[in-house]
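*Asks:* I'd like to go over a predicted model; first the sequence, then the structure.
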Amino acid sequence: MLKGKNALVTGSTSGIGLAIARTLAKAGANVTLNGLGDPAETEKLRRTFESEFRVEAAFSPADMTKPAEIAAMIAEAEKRFGSLDILVNNAGIQHVAPIDEFPPERWDAVIAINLSSAFHATRAAVPGMKKRKWGRIINIASAHGLVASAQKVAYVAAKHGIVGVTKSVAVELANDGITCNAICPGWVLTALVQKQIETRAKTSGKSVKEEEIGLLAEKQPMHEFTTPESIAELALFLCGDAARTITGASYTIDGGWTAA
């Protein structure tokens, strides 16, 4: 489906980003991975992509808080593969605290990584996409890009911002062969969330399964986690020909969170 296309996924050494990168590679796209980690481990991951999917893979350690490094990463991907056709802005961090106790430096970090990095990457990638009259930009937002929760002011602000960026980019590039869409997941079972559930179970004396359902029920009518792989399949669909007129959309994949 994507043979001959070249993709870059930020924050792709684990979780949602890794699942998306794997799915795009499985569909035939060459992939540039990005993230933090031990150089030996990231090189092992890169080689795994090449051997498992028979595509070319690169790795960039670009810091998503530094615009110059982001621009250099995009330029390097275009130089290595000849083009950058698919950009997935996935990198993100979280910090939870009441507004009056929220550290300003954590606000700055969350906004930089979750929102500003997507602007810098998109800004650098668009000229090449416009020249080739083809591009897919996918922003990983959140249910928190559409609704709010307490004690997550920076994350909610950033994800609402990502939805706004998505709409603006889509409108501006509507006739350049480029689409831009957002994916808004609800609860995703990551290692961090699993640890949270286990801590709740120890505190309450309930089973892990009971606390899992309790956590989900706080936000979602559906008591089931979304998987990174499901999000990746949605991203793949948005890269395909059937989605060529879908742009500016925010796809919820949240167990009914934003419907309730």
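*Replies:* Right, received. Where do you want to start?
*Asks:* Enumerate every residue touching the residue of the chain most remote from its centre.
*Replies:* Residue farthest from the centre of the chain, counting by C-alpha atoms, centre = their mean, is residue 205 at 34.7 Å. Residues near residue 205 by C-beta atoms under 8 Å, 6 or more residues apart in numbering: none. C-beta coordinates here come from the backbone N, C-alpha and C atoms, glycine included.
*Asks:* at 10 Å what do you get?
*Replies:* Residues counted as contacts of residue 205 (C-beta atoms under 10 Å, 6 or more residues apart in numbering) are residue 211.
*Asks:* what comes up buried for the longest helix along the chain?
*Replies:* Counting by DSSP state H, the longest helix found in the chain is helix 153-172. Neighbour-count burial for helix 153-172, counted by 16 or more other C-beta atoms under 10 Å, picks out 153-163, 165-167, 169-170.
*Asks:* again, but for stretch 180-196
*Replies:* Buried, per 16+ other C-beta under 10 Å, within stretch 180-196: 180, 181, 182, 183, 184, 185, 186, 187, 188, 189.
*Asks:* Does the fourth one touch residue 239 like I think?
*Replies:* Right, residue 183. No: using C-beta atoms under 10 Å, residue 183 is not in contact with residue 239; the gap is 11.9 Å.
*Asks:* Overlap in contacts, the two.
*Replies:* Common neighbours of residue 183 and residue 239, using C-beta under 10 Å, 6+ apart, are 88, 138.
*Asks:* Can you give me the distance of residue 204 to residue 210?
*Replies:* Residue 204 is 8 Å from residue 210, where distance means C-beta to C-beta, to the nearest Å.
*Asks:* which of the two has more neighbours?
*Replies:* residue 210 (14 against 11; other C-beta atoms under 10 Å).
*Asks:* Under a three-state scheme, what state does residue 94 occupy?
*Replies:* coil (DSSP: H, G, I helix; E, B strand; the rest coil).
*Asks:* Pretty sure it sits against residue 155.
*Replies:* Yes: counting by C-beta under 10 Å, residue 155 is a contact partner of residue 94 at 5.4 Å.
*Asks:* how much space between residue 180 and residue 249?
*Replies:* Residue 180 is 9 Å from residue 249, by C-beta to C-beta.
*Asks:* between the two, what contacts are shared?
*Replies:* Joint contacts of residue 180 and residue 249 (C-beta under 10 Å, 6+ apart) are 166, 167, 170, 238.
*Asks:* Now do the same contact list for residue 84.
*Replies:* Residue 84 sits in contact with 5-8, 30, 32, 73-78, 121, 124-126, 128-129, 132, 135, where contact means C-beta under 10 Å, 6+ apart.
*Asks:* Fine by me, we can end here.
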